[in-house]
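In: 3D, please:
(2 chains)
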Amino acid sequence: MRIATWNVNSLNARLPRVEEWLDQAKPDVLCLQETKLADDAFPAMTFAGLGYEAVHHGEGRWNGVAILSRVGIADVVDGFAHGEAFDGALEGEARLLTATCGGVRVVTAYVPNGREVGHEQYFHKLKWFARLRAHLDAVADPSTDVLVCGDFNVAPDDRDVWDPARCNGGTHVSAAEREAYAEVCAFGLVDVLRQRYPDEGLYSWWDYQAGAFHKHWGMRIDLLLASPPLAERLDWVLVDRNGRKGQKPSDHAPLIAAFSD
DNA sequence: ATGCCTTTCCCAGAAAGA
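Out: As a prediction, the model looks like this:
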């Protein structure tokens, strides 16, 4: 079973790239972040024509997450299962989607950016991680097959960023963000790319500006996290850097992992 | 030292991303 994650930075702008990639990579499940679509604008029929059922949790201009599957979709949860609500408009942000696909409990997340250390949005980000952990406790069991994936907007350690000093506003590398992320992993999750490869420079995001991709100025912030029984069955995992090349790419590359049955 | 790019809103330039 192949499971993939990709922050597409607008599904409307990226639909041809996503269709092409589905044909090439043939994932059984593809999780998307930053669709930037309302639910009624989601191209479900396009994906149905390619053999994928889909669920989408969107809000319009910002955010938006989806799960595509050719191995079934059941027990869908839009957003957080429960827990303390956020203040005001932040509560309605479409950043989390949960479904069971082919026997795997799949959770996909688009973690808030945080803007800069100390900003109101930064504290929101830390709360968001805590609420994600509570969500996992409510909807999944780490002794079964669970895959949590998406754009975590944190570089787990210094191997995961080209230059920590050059991260805008100090986000993505701060100790508090890394600790909040570690609490999510403490649910019982293994970072399968990191488990397989200890190398630095395995990035998933590169700024559009200044030719960052070609200079290898990137960060590894898109992650595939598996529960122990699923992680034990990892066959292979990769960042598809070809997804960041060519015409009108997202600023993120897709990740894909294959698990034996 | 600063911006560099891309997307959305929708036709002008701001907001947001990371």
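
In: SS state for A:Thr5?
Out: What DSSP: H, G, I helix; E, B strand; the rest coil gives for A:Thr5 is strand.

In: could you measure from it over to DNA strand B?
Out: Going from A:Thr5 to DNA strand B by C-beta to the nearest atom of the strand, to the nearest Å gives 13 Å. Using the backbone N, CA and C atoms, a C-beta is placed for each residue, glycine as well.

In: what's the closest non-adjacent residue to that residue?
Out: Leaving aside its chain neighbours, A:Thr5 sits nearest to A:Cys149 (3.9 Å; criterion: C-beta to C-beta, 6 or more residues apart in numbering).

In: which regions of the stretch 51-200 of chain A sit below the pLDDT cut-off?
Out: Nowhere does the stretch 51-200 of chain A drop to pLDDT under 70.

In: can you give me the helices for it?
Out: Counting by DSSP state H, counting those that start in this stretch, residue ranges of the helices within the stretch 51-200 of chain A are A:120-139, A:175-185, A:192-196.

In: please name the residues that touch the residue most central in space within chain A.
Out: Chain A has A:Gly150 as the residue nearest its centroid, 0.7 Å off, counting by C-alpha atoms, centre = their mean. The neighbourhood of A:Gly150, defined by C-beta atoms under 8 Å, 6 or more residues apart in numbering, consists of A:5, A:7, A:31, A:33, A:65, A:108-111, A:222-223.

In: show me which residues of chain A sit near DNA strand B.
Out: Proximity of chain A to DNA strand B, by C-beta under 7 Å from any atom of the strand, involves residues A:7, A:9-10, A:12-13, A:34, A:36, A:60-62, A:112-113, A:115, A:121, A:151, A:153, A:168-169, A:171-172, A:205, A:207-210, A:219, A:221, A:248, A:251-252.

In: from those residues, keep the buried residues only.
Out: Among the residues of chain A next to DNA strand B, those scoring as buried are A:7, A:9, A:34, A:36, A:112-113, A:121, A:151, A:153, A:171-172, A:205, A:219, A:221, A:251-252 (criterion: 16 or more other C-beta atoms under 10 Å).

In: now, which of those lie within strands?
Out: A:7, A:151, A:205, A:219 (DSSP state E).

In: follow-up on the earlier one: wait, doesn't the residue nearest to A:Thr5 sit right on A:Ile3?
Out: Yes: contact criterion C-beta atoms under 8 Å: A:Cys149 and A:Ile3 qualify, at 7.1 Å.

In: what do those two both touch?
Out: Common contact partners of A:Cys149 and A:Ile3 (C-beta under 8 Å, 6+ apart): A:31, A:106, A:224.

In: torsion angles phi and psi at the nearest residue in space to A:Leu15 that is not next to it in sequence?
Out: Spatial nearest neighbour of A:Leu15, excluding adjacent residues (C-beta to C-beta, 6+ apart): A:Pro43 at 6.2 Å. Phi and psi for A:Pro43, reported as degrees, to the nearest 10, are phi -80, psi 60.

In: count the residues that sit near A:Pro43.
Out: Neighbours of A:Pro43 under the rule other C-beta atoms under 10 Å: 18.

In: picking up where we left off before, dump the helices of the stretch 51-200 of chain A to a markdown table, plus distance to A:His56.
Out: As requested, these are exported to a markdown table (distance: least, C-beta to C-beta, whole Å):
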| stretch | distance to A:His56 |
| --- | --- |
| helix A:120-139 | 18 |
| helix A:175-185 | 23 |
| helix A:192-196 | 25 |
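
In: so which of those helices is nearest A:Val239?
Out: helix A:192-196 (7.1 Å; C-beta to C-beta).
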